[in-house]
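Asks: Provided below are the primary sequence and the corresponding predicted coordinates.
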Amino acid sequence: MQSMSKCAVAATLLAVAGVAPTLGADLAIEHVNVIPMTSGSDVVSDSTVLIRGGRIVSITPAGATPAPNAPKINARGLWLMPALADMHVHLENDRLLRLYAKDTNVPPGTVRTADSLLPYVANGVLQILVLTAMPETIAQRNEVETGSVLGPHIALAAMIDGSPPIWPVGMTRVAATPGDGRQAVRDVAAEGYDIVKAYENLDLATFIAICDEASKLKIKVVGHLPQNGKGLTERFFVPGFSMVAHAEEFAQQTDPPATDAIPKYAQWAKRSGTWLTATLTTDHRILEEISRPETLRSRPEIRYLGAYLQKLTLESNPYLRDLSPSRIAYVQRIVDFNDKLVAAFVKEGVPIVAGTDALVPGVVPGFSLHDELAALAKAGLSNRQVLESATRLPAEWLGTIDDRGVVAVGKRADLLLLAANPLQDIRNTRRIAAVIVSGRYYSRDEIKNRLEMMIRN
């Protein structure tokens with residue numbers, strides 16, 4: 001594979017620094033290696049990608065067509081791929097913080113949407129799925145889509161739990177009966193949410209009713225596997241249950257986690273067409289925090305959390321309440337189980353998408369997705385499969401593949417320009433030279449400056 005010297009990378013970044021075309025302007029990315037991520041595609045070397053009006057209008061061999069009268073990016077030796085997606089996040093707003101932290105004193109204006117979303121953009125994450133969506137999240141999405149805030153596309157999943165709910169009303173809705181569940185789904189659809197999130201205190205009949213009503217309304221259901229330890233796991237794999245939100249959901253079906261049950265879990269998911277968001281990095285981070293709490297303060301990305309979340313993570317972290325050897329051993333068993341489960345799902349052909357559970361204390365938005373990609377590779381996915389889990393597959397599941405998720409003519413120019421090939425080493429997704437948001441070009445230096453300004457302000 002082609003590589004670049006440090007001097008060549010530096011020269012290239014200097015050549016493109018300061019170029020920030022406005023939406024609607026042309027942009028030509030020249031001499032770039034394209035990783036399309038369309039099904040079965042290969043790398044297209046030494047290409048020119050022309051962007052106009054925020055969309056890709058051509059991908060041609062470098063020098064094959066006359067250079068357009070447009071800003072040009074000399075991307076020789078760089079790699080262009082679709083922007084990334086994080087399919088399991090929690091996006092903070094003032095009300096979410098009050099409910100999540102059980103702190104009614106969180107003042108209005110504590111959360112600035114632009115600050116919450118910038119770490120995603122800085123890490124090339126231009127699609128997120130929020131699994132605790134509420135009216136404030138709808139407003140945040142509108143801020144992004146109208147262009148008043150720089151941020152990723154936001155898909156909204158509203159949570160429905162049983163009675164009593166695990167999280168406060170406001171973060172979740174409550175459905176104690178199948179009739180309640182059907183009405184909750186109708187409400188979710190009418191209020192403008194995209195997806196239903198089913199939570200773990202739902203009884204089986206209500207869960208089935210939720211999935212059935214969602215199917216009628218053409219809304220997908222993602223969620224936990226309810227009723228842990230009751231031997232009902234297989235019965236939750238019903239039509240309409242589109243994706244399990246964590247690999248650990250399977251680990252928690254029994255105590256201790258039943259490694260010998262993994263093959264049948266994979267078969268049930270395959271049979272029902274249910275996908276998986278692994279969120280491996282969540283448990284990795286929890287294990288790191290409880291076994292080595294000092295690493296919380298040594299992780300540089302923590303400083304990109306808002307002040308309230310940073311204090312919660314460092315001073316009031318709920319995971320640090322139990323640092324006993326038995327607790328550490330339990331989380332280690334979950335981590336080990338998750339890796340085996342992911343490998344089995346891959347073997348069975350169950351689609352896996354990347355997600356992080358960002359806002360779990362210590363799981364920092366944007367930055368944590370690169371940890372998740374590395375964890376998926378370690379668990380047995382090929383580098384191509386890992387990239388698919390964060391690009392094309394999320395777009396297919398969300399129903400946005402006609403708009404974005406791959407590098408192809410006609411698609412939205414939500415792109416990531418890298419200094420090294422991630423197909424060769426998945427860690428290269430961190431080597432970001434630029435992020436392109438609907439055709440707008442943000443160099444590595446501009447991204448860094450925006451992050452530093454966010455911290456200072």
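Replies: Happy to help now that I have it.
Asks: Pull the number of nearby residues for residue 386.
Replies: Using other CB atoms under 10 Å, residue 386 has 24 other residues around it. Placement of C-beta: from N, CA and C, glycine included.
Asks: what's in contact with the helix or strand it falls within?
Replies: Using DSSP states H and E, residue 386 sits within helix 383-389. Outside helix 383-389, the residues that touch it by CB atoms under 8 Å, 6 or more residues apart in numbering are 35, 37, 81, 346, 352-354, 373, 376-377, 381, 422-426, 429.
Asks: what about 7 Å?
Replies: Applying CB atoms under 7 Å, 6 or more residues apart in numbering, the external contacts of helix 383-389 come out as 37, 81, 346, 352-354, 373, 376-377, 381, 422-423, 426.
Asks: ok, which pair from these is furthest apart?
Replies: The most widely separated members of those are 81 and 346, with 20.8 Å between them, by CB to CB.
Asks: Tell me where the stretch 1-150 of the chain has helices.
Replies: Under the criterion DSSP state H, counting those that start in this stretch, the stretch 1-150 of the chain contains helices at 6-16, 94-101, 113-122, 135-145.
Asks: now residue 274: how far from residue 86?
Replies: 20 Å (CB to CB, to the nearest Å).
Asks: ok, the two, which is more surrounded?
Replies: Neighbour count, other CB under 10 Å: between residue 274 and residue 86, residue 86 has more, with 29 against 21.
Asks: Could you tell me which residues within the helix ranked longest in the chain count as buried?
Replies: When the chain is parsed with DSSP state H, its longest helix is helix 325-348. Neighbour counts over helix 325-348 (16 or more other CB atoms under 10 Å) mark 327-328, 330-331, 334-335, 337-342, 344-346, 348 as buried.
Asks: Show me what it is packed against.
Replies: Applying 3 or more CB pairs under 7 Å, 6 or more residues apart in numbering; DSSP states H and E, one finds that helix 325-348 contacts helix 248-251, helix 262-272, helix 280-291, strand 352-353, helix 367-379.
Asks: what about the ones you listed, which gets the closest to residue 146?
Replies: helix 367-379 (25.0 Å).
Asks: for that closest one, what is the average pLDDT?
Replies: Across helix 367-379, the average pLDDT comes to 98.
Asks: how far does it sit from the chain's center?
Replies: 11 Å (CA atoms, centre = their mean, to the nearest Å).
Asks: again, but for stretch 260-280
Replies: 19 Å.
Asks: distance between the ends of that stretch?
Replies: 20 Å (CA to CA, to the nearest Å).
Asks: Name the residues of it that are buried.
Replies: For stretch 260-280, the buried set under the neighbour-count rule, 16+ other CB under 10 Å, comprises 261-262, 265-266, 268-269, 272, 274-280.
Asks: Show residues contacting it.
Replies: Counting by CB under 7 Å, 6+ apart, 87-88, 234, 237-238, 241-247, 250, 338, 340-342, 344-345, 348-353, 355-357, 372, 375-376, 379, 397 sit against stretch 260-280.
Asks: which among these end up buried?
Replies: Buried among the contacts of stretch 260-280 by 16+ other CB under 10 Å: 87-88, 237-238, 241-247, 250, 338, 340-342, 344-345, 348, 350-353, 355-357, 372, 375-376, 379, 397.
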